[in-house]
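*Asks:* The sequence and its predicted three-dimensional model are supplied below.
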Amino acid sequence: MEKARDQVSAAASRLGRPSWKDPRLLLGILIVLASSVGVVALTSSMDRTTPMYSAKSDISLGEEITAEKLHVVNVKLDALEAGYVPADPGMLSGTRANSLIRAGQLLPRSALGLNDGTNRRPVSIDLPDALPSAITAGAHVDVWVSLKDRSANAYSPPTLLLPAAEVTARTERATGFGGTAGTLVEILVVDTGLADLLEAMANDARITVVFNPGASAS
């Protein structure tokens, strides 16, 4: 009988309310806290955004870039973040647009040019034919050149002179009958390719621009 009472007492002590000193209770609390912290950290990392600059309106080539012309937007870019300008006015000091920046577009680091304009220079090319409608400001084209062989009164095979040149403007040359006589297209040319292009233009080379969809989509 005494043994039965001892067994009942031991069972009651096991089923009784645990005290704060009970290691099982402390371990359970630690597990719950760790789980909560992990969930909060995961949620915070998934929702992390960074303040970046975007254009209020179109910013043209060569135009000075100031904070007044930009919005600050909070975006989540992850690995792409390094390619765009964060909302830091100090990064805009002494810069001009090195390419056309559309309204609402995030400000790419590649668009920050120098005041002296030595990054890329706009050059107008007078073409005798109409261009595809896809070639507009902001698109990219490959510029091919066929040099003129005056002795044979012919042109040499075309060679790629400027790959993925950015277009900043195009103007259709209209005829008096409402048709199109050709196209004047303006592209950005890096300094290293400028002399070859100007030489080709001066020597009546045949110049062809071809839409580059891969570069235009990047």
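*Replies:* Here it is on my side, so go on. Residues are numbered from 1 along each chain as shown.
*Asks:* how deep is the spatially closest residue to Asp149 that is not a sequence neighbour tucked in, by neighbour count?
*Replies:* If you skip the residues right next to it in sequence, Asp149 has Ser156 as its closest partner in space, 5.9 Å away by Cβ to Cβ, 6 or more residues apart in numbering. All C-beta spots, glycine's among them, are computed from the backbone N, C-alpha and C. Burial of Ser156, expressed as a neighbour count using other Cβ atoms under 10 Å, amounts to 13.
*Asks:* cool, and Asp149?
*Replies:* Here the number of neighbours of Asp149 (other Cβ under 10 Å) works out to 10.
*Asks:* Equivalent analysis for Gly62, please.
*Replies:* By other Cβ under 10 Å, the burial measure for Gly62, its neighbour count, is 16.
*Asks:* Now do the SS call for it.
*Replies:* Here Gly62 is coil, with the state taken from DSSP: H, G, I helix; E, B strand; the rest coil.
*Asks:* From Tyr53, how far off is it?
*Replies:* Here the criterion is Cβ to Cβ, to the nearest Å. By it, Gly62 lies 18 Å from Tyr53.
*Asks:* Then Thr66?
*Replies:* 11 Å.
*Asks:* out of those two, which sits in the more crowded spot?
*Replies:* Tyr53 (25 against 12).
*Asks:* Let me know the helix or strand that that one is in.
*Replies:* Taking DSSP states H and E as the definition, one finds Tyr53 inside strand 50-55.
*Asks:* how about the strands of this structure, start to end?
*Replies:* With DSSP state E as the criterion, the chain has strands at 50-55, 70-75, 95-97, 112-114, 120-127, 140-146, 148-149, 154-155, 159-174, 180-190, 206-211.
*Asks:* worst average pLDDT in those strands?
*Replies:* Summarising mean pLDDT across these, the least confident stretch is strand 112-114, with a mean of 71.
*Asks:* and the residue nearest to Asp149, what does it touch?
*Replies:* The neighbourhood of Ser156, defined by Cβ atoms under 8 Å, 6 or more residues apart in numbering, consists of 146-149.
*Asks:* Run through the bridge partners of Val75.
*Replies:* Val75 has these beta-bridge partners by DSSP bridges: Thr50.
*Asks:* Would you mind confirming that it is in contact with Thr49?
*Replies:* Yes - with contact defined as Cβ atoms under 8 Å, Val75 reaches Thr49; the gap is 5.9 Å.
*Asks:* okay, those two: which has more neighbours?
*Replies:* Val75 (14 against 10).
*Asks:* and that one, how far is that from Met52?
*Replies:* If you measure Val75 against Met52 using Cβ to Cβ, the figure is 5 Å.
*Asks:* do Asp78 as well
*Replies:* For Asp78, the distance to Met52 under the criterion Cβ to Cβ works out to 12 Å.
*Asks:* cool, and Ala130?
*Replies:* Noted for Ala130: a distance of 38 Å to Met52, by Cβ to Cβ.
*Asks:* Look at these two and report which has more neighbours.
*Replies:* Legend: neighbour count by other Cβ under 10 Å for Ala130 and Met52, higher for Met52 (20 against 14).
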